[in-house]
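>>> fold the following, please.
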Amino acid sequence: MRPRARANARLGFGDAFAKAKLPLFAYWLLSLGGLFAMAFTIVLVEGGLPNDFETLMSFEAGAIVGLGCGNLLALSRVRFWLNVAFGFVNVIMMIAVASAMAIGAEVVLLGWIGFLMGFGCGHLALSHRFGLAAAWLPILCWVGAIMIYLNDYGRVAAWERSKISAWMPLPLLYLFLLVVLILFYMAAKESHRLALWELLGGAPWKRTLIRAERPRVKLQPRGWAAILALTAIVFAGTAIIAPYLWRTGKGDRKAHHADEEPRRPRTEPIDDMDWDGVARALRKVMDEAEKGGSMLLPFIPLFLLNRPVRRLVRMRHWRRPLVRVPPTERVKNLWRLVLTGATDAGAAPRPGSSIDETVEEVQERAHKAGLARSDSLREAAAIYGRVRYGLGIQPDDISRLEKAADQAYHDSRRTMTGWQRIKCWWRKDA
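Numbers count the residues shown, from 1 in each chain. As a prediction, the model looks like this:
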């Protein structure tokens, strides 16, 4: 079992729930808001309860139950592949039940579908790798409410004249709330991840520290300004770009509140195909594609050289700071240089591993290759560990660590071939 898995196993259900209260609150606020917005919009455009209101309530009730069950599995640390297998079996059962039922199948099926969607998204709500995928169901509900409202008020003609003019006040309010709640959920998820790292990830003193009172974290005015600016940028960017991604299609009914003249469909038959016109249209498409491709050519080197340039700048900053940094940050940067060399050599530190475990793994790889153990690596680890745990920093620690970290970086890469050194420049997070 990996060290991180052993550490997480020590966190009981009650402790896990206590740590996850904020992200769960943010997620349920996002999800219930989307479900309510969709139901409210349908009732609003129908002028009352729709004929298939029980079908809508079945879907929303199933989604809420599924979200709750998924959250319970996430807090219990049940593997997600079990969720996938459960969903696969349920889809097969759903098809069998639908074929057997003649009456009420629609209500049962939509409730079942809502449960499965909520079950999967709720299970991912506390995941650190696929946490954003958990927002799929809430986003579906919020966006569905926006599109239902715009379609029912006949904004197609306005959209065809000017994309942005298709927006109306209520859909814009929905979009703003969606952006705010998603950012709140992402921030809560990040605080949850940081709390777990402090409790379980290589900081033993955090596990035994007893505080006399609950710590209070206050957001500074600059932090509030940054959050408001980010919210405004995401909201404005989405409102401007989204209409250009919409497409029209044949509706399933007429809009109730359309105040525009309907477009008359073509009724006359097409006898002869204008092949010359088709050829001109194809040439125009090819010319536009060629023009767009020529505009993208200067950006191709950016995609190819993005990682090497980032690595070069980072390592230059770690060795000799490009801007002034505090001594403690300088120590962290030099240790990052050491970890980069270890990762290049294939000894990447695992999540939750301590400094000594990382050093021992690198030394063991060198010993197996018939090379001497690196004293510089141990010296760099000793200085970094002392500074990291607040045991003080000596006047000559920076100068000593500069030499030790650079030597440890080269010592870790002694066993690498030339081709391996080249590939490291394109390594992810290099």
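
>>> now the lengthiest helix in the chain: how far from the chain's centre is it?
Ordering each helix of the chain by length in residues (DSSP state H) puts helix 169-200 first. Centroid displacement of helix 169-200 relative to its chain, using C-alpha atoms, centre = their mean, to the nearest Å, is 11 Å.

>>> can you give me the buried ones in it?
Neighbour-count burial for helix 169-200 flags 170-171, 174-185, 188-189, 192, 195-197, 199-200 (criterion: 16 or more other C-beta atoms under 10 Å). C-beta coordinates here come from the backbone N, C-alpha and C atoms, glycine included.

>>> what does stretch 299-314 give?
Applying 16+ other C-beta under 10 Å to stretch 299-314 flags 307, 311, 314 as buried.

>>> for stretch 331-345, same thing?
331, 333-335, 337-345.

>>> tell me if I'm right that Ala380 and Asn333 touch.
No. Using C-beta atoms under 8 Å, Ala380 makes no contact with Asn333, being 11.9 Å away.

>>> tell me which helix or strand of the protein sits lowest on mean pLDDT?
Taking mean pLDDT, DSSP states H and E as the measure, the chain has helix 3-9 as its least confident helix or strand, at a mean of 40.

>>> flag the shaky bits of the stretch 101-250 of the chain, pLDDT-wise.
101-105, 156-157, 198-220, 248-250 (pLDDT under 70).

>>> try 50 this time
For the stretch 101-250 of the chain, the stretches flagged by pLDDT under 50 are 202-207, 209-212.

>>> coming back round to it: looking at the buried residues of stretch 331-345, which are in helices?
Per DSSP H, the subset of the buried residues of stretch 331-345 in helices is 331, 333-335, 337-344.

>>> tell me, how many neighbours does Val143 end up with?
The local packing of Val143 (other C-beta atoms under 10 Å) involves 18 other residues.

>>> name the element it belongs to?
helix 136-152 (DSSP states H and E).

>>> give me the domain ranges for the chain.
3-206+226-245, 302-424 (automatic domain parsing).

>>> so which of those gets nearest Glu290?
Among the domains of the chain, the nearest to Glu290 by C-beta to C-beta is domain 302-424 (19.8 Å).

>>> alpha carbons of stretch 414-422, as CSV, please.
Below are the C-alpha coordinates for stretch 414-422, written out as CSV (Å, rounded to 0.1, in the frame of the first residue of the first chain):
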residue,chain,number,x,y,z
ARG,A,414,24.3,10.6,-13.5
THR,A,415,22.6,7.4,-14.7
MET,A,416,20.6,9.1,-17.4
THR,A,417,21.4,8.7,-21.1
GLY,A,418,21.5,11.5,-23.6
TRP,A,419,18.1,10.7,-25.0
GLN,A,420,16.6,10.6,-21.5
ARG,A,421,18.0,14.1,-20.8
ILE,A,422,16.5,15.4,-24.0
